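1. Structure for the following, please:
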Amino acid sequence: MSFSEPDAVGYYLAPPPLNPVTRILAGVLALLALVGAFFFGMFVLVLALGLGALAWLVLAVRMWWLRRQWQRQGVSGEYRQSGTPGSADRRRTDAIDADYEVVSRHEDE
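-> Residues are numbered from 1 along each chain as shown. Sure, this is the predicted structure:
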């Protein structure tokens, strides 16, 4: 059993119309479908870009608001001190200042 190449006519679900007016109408409808699909795709793209820009704007405003609140409360990403390292006038209180002593040291050689 061998497979042969399709004829030059090709295979169609429905053969092309024979009437020239019907062929022109089918071509115009196909062109309108392509133009409609293009503009629908552009609409979806613009909508997605607009929603992305809106989400970015919301996040930017939220971050600005949080930074403003943190600055009012005196919280920053840096560890600020005034004076010497042992001074008690610190703006952040979440750091632990401690001394340690080595009790034993095991060296593996």
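2. Ala26: neighbour count?
-> 13 (other Cβ atoms under 10 Å). Quick note: C-beta positions are derived from backbone N, CA and C, even for glycine.
3. Could you shift the numbering so residue one becomes 556, and keep it that way?
-> Okay, residue one is now 556; in that scheme the one you just asked about reads as Ala581.
4. Now name the helix or strand holding Arg627.
-> Take DSSP states H and E as the rule and Arg627 turns out to sit in helix 575-628.
5. repeat for Leu573
-> Under DSSP H and E, no helix or strand contains Leu573.
6. what number of residues lie near it?
-> Counted with other Cβ under 10 Å, Leu573 comes out at 7.
7. Would you quantify the distance from it to Leu602?
-> 42 Å (Cβ to Cβ, to the nearest Å).
8. ok so Tyr655 is a helix residue?
-> No: counting by DSSP: H, G, I helix; E, B strand; the rest coil, one finds Tyr655 to be coil, located in no helix.
9. what's Leu573 sitting at in phi/psi?
-> For Leu573, the backbone dihedrals (degrees, to the nearest 10) come out as phi -90, psi -30.
10. What's the separation between it and Leu612?
-> 58 Å.
11. what is the rounded mean pLDDT of the helix holding Arg627?
-> Regarding helix 575-628, the rounded mean pLDDT is 95.
12. Show me how far that helix is from its chain's centre.
-> Remark: helix 575-628 is offset 14 Å from the chain centroid, using Cα atoms, centre = their mean, to the nearest Å.
13. helices or strands next to that helix in the packing?
-> With contacts defined as 3 or more Cβ pairs under 8 Å, 6 or more residues apart in numbering; DSSP states H and E, helix 575-628 has no helix or strand neighbours.
14. Tell me the predicted confidence for Ala563.
-> pLDDT, Ala563: 56.
15. Since that was my last question, I'll sign off now.
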